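Colleague: The sequence isn't on hand, but the structure is:
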């Protein structure tokens with residue numbers, strides 16, 4: 001019955017587009033118009049006191065700063081958001097009420113109640129109708145989700161509706177498929193909108209390295225791209241596979257399984273994060289430390305909540321209210337001194353020093 005319902009949707013797709021659905025939800029900008037740029041000069045760098053021997057890639061001079069994506073990062077100055085490049089130059093001047101990172105060459109922005117996508121030149125390439133509720137700020141494999149009247153669908157970067165908003169729920173595309181919900185059950189469609197794994201699960205998530213988590217009768221397991229069960233549903237909670245292992249919860253304790261479903265690190269932790277660069281953060285006796293893939297505690301449990309994963313040999317840790325970075329030997333590479341910080345990526349990390357945000361240069365070994 002559900003398969004028939006989806007077959008009907010697929011047959012109706014051209015007709016629905018013919019009714020002007022795409023035109024009513026998106027207004028692609030054919031003659032690309034430049035968003036008016038703020039001509040006032042950028043404020044001078046705010047005074048700050050360097051803490052220790054820190055090397056700033058971009059000095060702290062922003063009210064907020066987000067990670068870089070595709071060479072640009074959203075930053076806020078005087079309650080307006082713009083974008084800088086990796087040299088710290090403002091390439092799209094602060095003028096937006098809200099911004100998101102660039103994804104596949106475009107970024108979602110908001111001015112007042114109006115939302116649009118811009119390109120890396122700051123030019124509007126797609127305007128979004130007020131009929132649209134949620135819309136994904138990030139594209140995956142050229143496709144993003146949208147919600148209209150509590151129904152979900154997919155669209156492409158040119159504004160073309162790939163799958164009309166008629167689904168109960170929809171997740172991002174990954175490895176050529178997307179998890180969708182129809183009539184209370186979850187299955188998967190491909191880029192043509194064709195059902196490739198019929199809706200039959202109580203929950204379903206994105207494919208990562210050839211496996212996707214699914215929910216059956218309150219338990220989580222994993223399937224392959226052809227829909228066969230790879231690891232039977234048996235876990236109370238689970239993460240995606242990273243570096244060949246996945247964190248899973250059994251009897252309220254977290255451990256790790258391999259891709260065959262074998263428990264390789266016994267469930268014993270209150271919380272457990274994904275592996276990155278060979279280490280995973282685990283929560284024991286009120287503190288975080290890091291284990292290796294043998295389950296051995298490689299970095300003692302000494303850190304407070306909201307720790308990061310390893311990236312470029314360093315992990316963001318917190319001691320009390322201050323954030324710093326530790327290396328894989330368990331030694332502090334950068335003393336905890338920031339009120340907020342994020343992981344390193346391509347050699348820099350956004351941190352909040354005092355009242356301002358900047359970008360820290362990765363310390364060379």
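Modeller: It's in. Computed from a prediction, not measured in an experiment: that's the story for all the values here.
Colleague: Might one say that residue 138 is in contact with residue 102?
Modeller: No - in this structure, residue 138 is not within contact of residue 102 by Cβ atoms under 8 Å, at 9.2 Å. The way it works is simple: take the backbone N, C-alpha and C, and place the C-beta from them, glycine included.
Colleague: Neighbour count for these two, which is higher?
Modeller: residue 102 (24 against 16; other Cβ atoms under 10 Å).
Colleague: unless I'm mixing things up, that one is touching residue 67, no?
Modeller: No - the criterion here is Cβ under 8 Å, and residue 102 misses it with residue 67 at 10.9 Å.
Colleague: in its sheet, what does the helix or strand where residue 288 lies sit against?
Modeller: Element membership for residue 288, per DSSP states H and E: strand 287-291. Paired strands of strand 287-291, with direction, are strand 279-284 (antiparallel), strand 297-303 (antiparallel) (DSSP bridges).
Colleague: Which other helices and strands does the helix or strand hosting residue 93 contact?
Modeller: Element membership for residue 93 (DSSP H and E) is strand 90-96. With contacts taken as 3 or more Cβ pairs under 8 Å, 6 or more residues apart in numbering; DSSP states H and E, strand 90-96 sits against strand 73-77, strand 80-84, strand 106-111.
Colleague: run the last query once more with 6 Å
Modeller: Counting contacts by 3 or more Cβ pairs under 6 Å, 6 or more residues apart in numbering; DSSP states H and E, strand 90-96 packs against strand 80-84.
Colleague: For the strand it packs on, give the mean pLDDT please.
Modeller: For strand 80-84, mean pLDDT rounds to 98.
Colleague: could you give the angle of that strand to strand 106-111?
Modeller: With axes from the mean of the first three to the mean of the last three Cα atoms, to 10 degrees applied, the angle from strand 80-84 to strand 106-111 works out at 160 degrees.
Colleague: Direction-wise, compare strand 80-84 with strand 90-96 and give the angle.
Modeller: Using the same axes, to 10 degrees, strand 80-84 lies at 170 degrees relative to strand 90-96.
Colleague: Given strand 80-84, what are its sheet partners and their directions?
Modeller: strand 73-77 (antiparallel), strand 90-96 (antiparallel).
Colleague: Buried deepest among those, which one?
Modeller: The highest average neighbour count among the strands paired with strand 80-84, using mean count of other Cβ atoms under 10 Å, belongs to strand 73-77 at a mean of 22.
Colleague: Identify the residues contacting it?
Modeller: Outside strand 73-77, the residues that touch it by Cβ atoms under 6 Å, 6 or more residues apart in numbering are 62-66, 81, 83-84, 94, 99.
Colleague: So what's the gap between that strand and the chain middle?
Modeller: With Cα atoms, centre = their mean, to the nearest Å as the basis, strand 73-77 stands 18 Å off its chain's centre.
Colleague: Quick check: mean pLDDT of that strand?
Modeller: Averaged across strand 73-77, the pLDDT comes to 98.
Colleague: again, but for stretch 351-365
Modeller: 93.
Colleague: buried ones in that stretch?
Modeller: Neighbour-count burial for stretch 351-365, counted by 16 or more other Cβ atoms under 10 Å, picks out 351-353, 356-360, 362.
Colleague: Bridging across strands, which residues link to the spatially closest residue to residue 166 that is not a sequence neighbour?
Modeller: Once flanking residues are discounted, residue 166 sits nearest to residue 151: 5.5 Å by Cβ to Cβ, 6 or more residues apart in numbering. For residue 151, the beta-bridge partners are residue 148 (DSSP bridges).
Colleague: how many neighbours does residue 151 have?
Modeller: By other Cβ under 10 Å, 15 other residues sit near residue 151.
Colleague: From residue 167, how far out is it?
Modeller: Going from residue 151 to residue 167 by Cβ to Cβ, to the nearest Å gives 6 Å.
Colleague: Then residue 331?
Modeller: With the distance defined as Cβ to Cβ, residue 331 ends up 50 Å from residue 167.
Colleague: Okay, helices next: where are they in this structure?
Modeller: 2-18, 21-25 (DSSP state H).
Colleague: ranking the ones you listed by mean pLDDT, which is last?
Modeller: Minimum mean pLDDT among the helices of the chain: helix 2-18, a mean of 29.
Colleague: if you compare the strands paired with strand 287-291, which one is most tucked away?
Modeller: Buried most deeply of these, by mean count of other Cβ under 10 Å, is strand 279-284, with a mean of 22.
Colleague: now it, how far from the chain's geometric center?
Modeller: 21 Å.
Colleague: what does that strand rub up against?
Modeller: The contact list for strand 279-284, computed with Cβ under 6 Å, 6+ apart, reads 269-273, 288, 290-291, 301, 307, 310.
Colleague: how much space between the nearest residue to residue 98 once chain neighbours are set aside and residue 116?
Modeller: Using Cβ to Cβ, 6+ apart and skipping the chain neighbours, the partner closest in space to residue 98 is residue 110 (4.0 Å). Going from residue 110 to residue 116 by Cβ to Cβ gives 8 Å.
Colleague: more neighbours, these two?
Modeller: Between residue 110 and residue 116, residue 116 has the larger neighbour count (other Cβ under 10 Å), namely 21 against 16.
Colleague: Many thanks, we can stop here.
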